[in-house]
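In: The following comprises the amino acid sequence and a computationally predicted model.
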Amino acid sequence: MAFEQTQQLIQQLVSNRVVPGVSYGLIQGTNVWTNYSGDQQWVPIVKPLQPDQYYDLASLTKVMTTTVMILKMIEANQLTLTTPVQQILPDFQNSEVQIRHLLTHTSGITGYIPHRNELAAPALKKALLGLQVGPGFEKEVKYTDIGLIYLGYIIEAFYPGPVQRTLTREVLQPLDLNESTFQPKKALCVPTTYLNGQLCQGVVHDPKAQILAEHCASAGLFSTLPDVLKFAKFILGQFQPANAPITQKQIEALYQNYTQLVAQPRSLGWDLRRQNQDHHFILYHTGFTGTFMLIDRQCQTALAVLTNRIHPTGQNDVFLREREKIVQAFCDESKGEN
């Protein structure tokens, strides 16, 4: 069995009740394995997981849509990696931060927004653009939603209308990701949290994304396992639709470190891990709700895992530790077809 340790560790998420259920898929060359096990929810009643249900992808939104859109704009010469953010968003008061800093999480943008989750969308946007750049600028990778929210505002400066409509039209539709949407049907969705007697189902979990709604580019995408795997095949170069938003050459260029930080390698939009044999880079990204994806173009392998790790409530740090074991197992077992 391919990826034996990886699959065993994923199945243990369910058998050890770390998560209610898991939908996952593995790609090795032309072979694809998928599996659905466990429950979609435990409260207020237990419901078994169904194949191809929709998940709140959380921050996988960043790499499946927003990063692709920014790369498309770079290929169209609308932007460059060194374009100053202030040039497009004049309300942002720093002249040094560039597009590449937002994509690699090295902008150093920091600050506290009082009562953030109680603000209306216009006030939240103003507060976000008013944040300052701290001492971490270019010196550390500090993962944050803010940079990708900024990139959404930059997209809106070039393409009229809410960014989520643009991402749907310019990225999802050309990639034939017809089961990926910012407006899912509630009944088709795996729930996330259960708080104060209310089940969060079909509504984005992230508080900032709830407020910013269709103007948010950092979270908000819902999708199914087949669509996430189709996207992985696009990044692998196996799926090349005629109207693809970016070229395969652009995708190949993602497999390198775009920071000067050897200890914190980061691609454009993506985190980077290393394959455990010859140590080439693997693209990696996670979502707060319990989603994650690894794509190894050199070995033509990929892993997509979808869970609702915050159901019924809580941070679920056990999941984070188990996720790291799964990632390490995949990096060890990622090999080309025999």
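Out: Structure received.
In: Look up which residues are beta-bridged to Thr307.
Out: Legend: beta-bridge partners of Thr307 under DSSP bridges are Val22.
In: Please give me every residue in contact with it.
Out: Leu13, Val19, Pro20, Gly21, Val22, Ser23, Tyr55, Thr289, Gly290, Thr291, Phe319 (CB atoms under 8 Å, 6 or more residues apart in numbering). C-beta coordinates here come from the backbone N, C-alpha and C atoms, glycine included.
In: Relative to Gln275, which of those residues is nearest.
Out: Gln275 lies nearest to Thr291 out of those, by CB to CB, at 21.5 Å.
In: The closest one pairs with what?
Out: Taking DSSP bridges as the rule, Thr291 bridges to Gly287, Leu306.
In: roughly how far apart are it and Val63?
Out: 11 Å (CB to CB, to the nearest Å).
In: Same list (the contacts of Thr307) but as CSV, adding distance to Ser223, neighbour count and pLDDT.
Out: Shown next, in CSV, are the contacts of Thr307 (distance: CB to CB, whole Å; neighbours: other CB atoms under 10 Å; pLDDT from 0 to 100):
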residue, distance to Ser223, neighbour count, pLDDT
Leu13, 20, 25, 98
Val19, 18, 24, 98
Pro20, 18, 25, 98
Gly21, 16, 23, 98
Val22, 15, 23, 98
Ser23, 11, 28, 98
Tyr55, 7, 25, 98
Thr289, 12, 25, 98
Gly290, 14, 28, 98
Thr291, 9, 25, 98
Phe319, 20, 17, 98
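In: where along the stretch 1-150 of the chain do the helices fall?
Out: Listed in chain order, the helices of the stretch 1-150 of the chain (DSSP state H, counting those that start in this stretch) span 4-15, 60-61, 67-75, 85-88, 99-104, 121-129, 146-158.
In: Please identify which of those helices is closest to Leu188.
Out: Closest among the helices of the stretch 1-150 of the chain, using CB to CB: helix 60-61, at 17.6 Å.
In: other SSEs contacting that closest one?
Out: strand 281-287, strand 291-296 (3 or more CB pairs under 8 Å, 6 or more residues apart in numbering; DSSP states H and E).
In: mean confidence score for it?
Out: If you average the pLDDT over helix 60-61, you get 98.
In: Tell me how far that helix lies from the chain's centre.
Out: 3 Å (CA atoms, centre = their mean, to the nearest Å).
In: So what touches it?
Out: Applying CB under 8 Å, 6+ apart, the contact partners of helix 60-61 are 217-221, 223, 228, 285-287, 291-293.
In: between the longest helix belonging to the chain and strand 291-296, how many degrees?
Out: Longest helix in the chain, counting residues (DSSP state H): helix 317-333. Put simply, helix 317-333 runs at 10 degrees to strand 291-296, going by axes from the mean of the first three to the mean of the last three CA atoms, to 10 degrees.
In: Helix 317-333 packs against which elements?
Out: helix 4-15, strand 271-274, strand 281-287, strand 291-296, strand 301-307.
In: which of these is buried the deepest?
Out: With neighbours taken as mean count of other CB atoms under 10 Å, these reach their highest mean count in strand 301-307, at a mean of 27.
In: now the strands: where do they sit in the stretch 151-300 of the chain?
Out: Taking DSSP state E, counting those that start in this stretch as the criterion, the stretch 151-300 of the chain carries its strands at 194-195, 198-199, 222-223, 271-274, 281-287, 291-296.
In: among these, which is nearest Ile154?
Out: strand 281-287 (20.0 Å).
In: What is the burial count for Val318?
Out: Applying other CB atoms under 10 Å, we find 15 residues neighbouring Val318.
In: Need the helices of the stretch 1-150 of the chain in a markdown table (columns: distance to Val46).
Out: Below are the helices of the stretch 1-150 of the chain laid out as a markdown table (distance: least, CB to CB, whole Å):
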| stretch | distance to Val46 |
| --- | --- |
| helix 4-15 | 13 |
| helix 60-61 | 26 |
| helix 67-75 | 37 |
| helix 85-88 | 47 |
| helix 99-104 | 41 |
| helix 121-129 | 36 |
| helix 146-158 | 35 |
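In: Tell me which of those helices sits nearest to Ala187.
Out: helix 60-61 (21.5 Å).
In: just to revisit the earlier point, can you lay out the helices and strands packed on helix 317-333 as JSON lines showing distance to Thr106?
Out: Compiled in JSON lines, those are given as follows (distance: least, CB to CB, whole Å):
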{"stretch": "helix 4-15", "distance to Thr106": "30"}
{"stretch": "strand 271-274", "distance to Thr106": "13"}
{"stretch": "strand 281-287", "distance to Thr106": "16"}
{"stretch": "strand 291-296", "distance to Thr106": "22"}
{"stretch": "strand 301-307", "distance to Thr106": "26"}
